[in-house]
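Visitor: missing the sequence, but the structure's below:
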């Protein structure tokens, strides 16, 4: 119980010392001059802001005609190889799984017809052939969905990128943090100022 009282007394003394007022120094700091910079806004050159309402539609149209062309239209050249790579991979996966599906399906038909299987499918029974058919059919269908998804997403990405590239981001909309010194006690104060220039 005594330790609790000591801890409480120490906290009380600490908080009192934190709120104590600073005593001014015997020698006040000499007044210094702060250089003031002025900005002449009459000679500021304002670039005209152009908005092309058809740019997003053009980008989407170009991407619909040829995948990756909308990204090139938006001058995002590095995105076009990503689109082509994604579509190429998914189309290759579709083609490979479709070939395998037909191979196992034809072997299954031959086994049902009473023919003996030769080559790498020689030891396969009906259950293994059915399972292989289902596996490759499922992967083929999934590859078709991924191909369609990449095609649609690249159209949406080109449209969105064209929209976002037209936002006005000039200096009138920028955030410039400043640190100002208080002229009374020469301490730096913190705060937030919001200004908009027309």
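Guide: The structure has been received and is ready for your questions. Since this is a predicted model, take the numbers as computed values, not measurements. Residues are numbered from 1 along each chain as shown.

Visitor: so what secondary structure elements neighbour the helix or strand where residue 87 lies?
Guide: Assigned by DSSP states H and E, residue 87 falls within helix 79-112. In terms of contacts (3 or more Cβ pairs under 8 Å, 6 or more residues apart in numbering; DSSP states H and E), helix 79-112 is packed against helix 69-73, helix 126-164. Any C-beta I mention is one placed from the backbone N, CA and C, and that applies to glycine too.

Visitor: any idea of the mean pLDDT for the last one?
Guide: This means helix 126-164. Taken as a whole, helix 126-164 carries a mean pLDDT of 95.

Visitor: repeat for the first one
Guide: Per-region confidence: helix 69-73 scores 94 on mean pLDDT.

Visitor: Provide the contact partners of that helix at residue level.
Guide: Residues outside helix 69-73 that contact it (Cβ atoms under 8 Å, 6 or more residues apart in numbering) are 58-64, 77, 79-80, 83, 154-155, 157-159, 161-162.

Visitor: Give the ChimeraX command for selecting the buried subset of these.
Guide: Per 16 or more other Cβ atoms under 10 Å, the buried members of the contacts of helix 69-73 correspond to this ChimeraX selection:
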select :58,59,60,61,62,63,64,79,80,83,154,155,157,158,159,161,162
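
Visitor: count of neighbours near residue 110?
Guide: Using other Cβ atoms under 10 Å, residue 110 has 15 neighbouring residues.

Visitor: quick one: low-confidence ranges for the protein?
Guide: Low-confidence regions of the chain, defined by pLDDT under 70, span residues 1-51, 168-179, 188-198.

Visitor: Okay, buried residues for the helix holding residue 87 please.
Guide: For helix 79-112, using 16+ other Cβ under 10 Å, the buried residues are 79-80, 83, 86-87, 90, 93-94, 97-98, 100-101, 103-105, 107-108, 111.

Visitor: Quickly note the distance from the nearest residue to residue 58 once chain neighbours are set aside to residue 96.
Guide: With Cβ to Cβ, 6 or more residues apart in numbering as the criterion, residue 58 has its nearest non-adjacent residue at 6.4 Å, and that residue is residue 73. According to Cβ to Cβ, to the nearest Å, residue 73 stands 32 Å off from residue 96.

Visitor: Residue 84 now?
Guide: Taking Cβ to Cβ, one finds residue 84 at 18 Å from residue 96.

Visitor: which residues sit against stretch 84-96?
Guide: Residues outside stretch 84-96 that contact it (Cβ under 8 Å, 6+ apart): 67-68, 139-140, 143-144, 146-147, 150-151, 154.

Visitor: what comes up buried for stretch 127-139?
Guide: Residues 129, 132-133, 136-137, 139 are the ones in stretch 127-139 that count as buried (16+ other Cβ under 10 Å).

Visitor: and those residues as TSV, adding distance to residue 122?
Guide: Below are the buried residues of stretch 127-139 laid out as TSV (distance: Cβ to Cβ, whole Å):
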residue	distance to residue 122
129	12
132	14
133	17
136	19
137	22
139	24
